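Undergrad: Sequence first, predicted coordinates after that:
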Amino acid sequence: MINFVISIGWQAFVFWAAIHIGFAMQIIDKATVFVKESALCQFLQAPVKDGSCRIEGKVEGTLRDSWIVTPNPEVPASFELNHKIPAMLYDPKDWHMVGGSPAVTGLVVVTVVLSAAGIWLSFVATRRRVRANQKLQSAVGV
């Protein structure tokens, strides 16, 4: 029973990690982000309307389920949006993943291999326990 619980926990961990890594691989080269922090809008010299503003720039995912926004590529200033899904406008052609198709394929392959490894190790542990019990029973003469 404990092997089953560990196997399910392993599966959940592998898929959780793959989803977070996949999220962090996202890049949107040109997006308009709606920022609700007026102080940030004033710092970036964006027109504030009703306490919010629109910022255009490059948007990148992080492992913390947030987005890093770089308004101007020439200026090394960027900020992090802590909410996972901010309001954004972008052209789907501007969205891509770091490393492209080979990196995404690699992520999928590693996820499947690690997921299968948990099932395989659970099977091997159960098989060894069954064989050990059979040897013990045959030695006792049951």
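TA: Arrived safely, thanks for sending. Residues are numbered from 1 along each chain as shown.
Undergrad: So, low pLDDT: which residues of this structure?
TA: 73-75, 83-85, 140-142 (pLDDT under 70).
Undergrad: Please, where are all the helices along it?
TA: 2-24, 38-43, 100-140 (DSSP state H).
Undergrad: Tabulate these in JSON lines, adding columns for distance to Pro71 and mean neighbour count.
TA: Just so you know, the C-beta spots here come from the backbone N, C-alpha and C atoms, and that holds for glycine as well. Shown next, in JSON lines, are the helices of the chain (distance: least, C-beta to C-beta, whole Å; neighbours: other C-beta atoms under 10 Å):
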{"stretch": "helix 2-24", "distance to Pro71": "20", "mean neighbour count": "14"}
{"stretch": "helix 38-43", "distance to Pro71": "10", "mean neighbour count": "14"}
{"stretch": "helix 100-140", "distance to Pro71": "25", "mean neighbour count": "12"}
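Undergrad: Redo the ones you listed as TSV? Include distance to Pro86.
TA: TSV is the format used below for the helices of the chain (distance: least, C-beta to C-beta, whole Å):
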stretch	distance to Pro86
helix 2-24	13
helix 38-43	12
helix 100-140	23
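Undergrad: Could you work out which of the ones you listed reaches nearest to Asn82?
TA: helix 38-43 (11.7 Å; C-beta to C-beta).
Undergrad: just checking, what packs against that closest one?
TA: strand 53-61 (3 or more C-beta pairs under 8 Å, 6 or more residues apart in numbering; DSSP states H and E).
Undergrad: And the strand it packs on, what's buried?
TA: Across strand 53-61, burial judged by 16 or more other C-beta atoms under 10 Å covers Cys53, Ile55, Gly57, Lys58, Val59, Glu60, Gly61.
Undergrad: Good, we can wrap up now.
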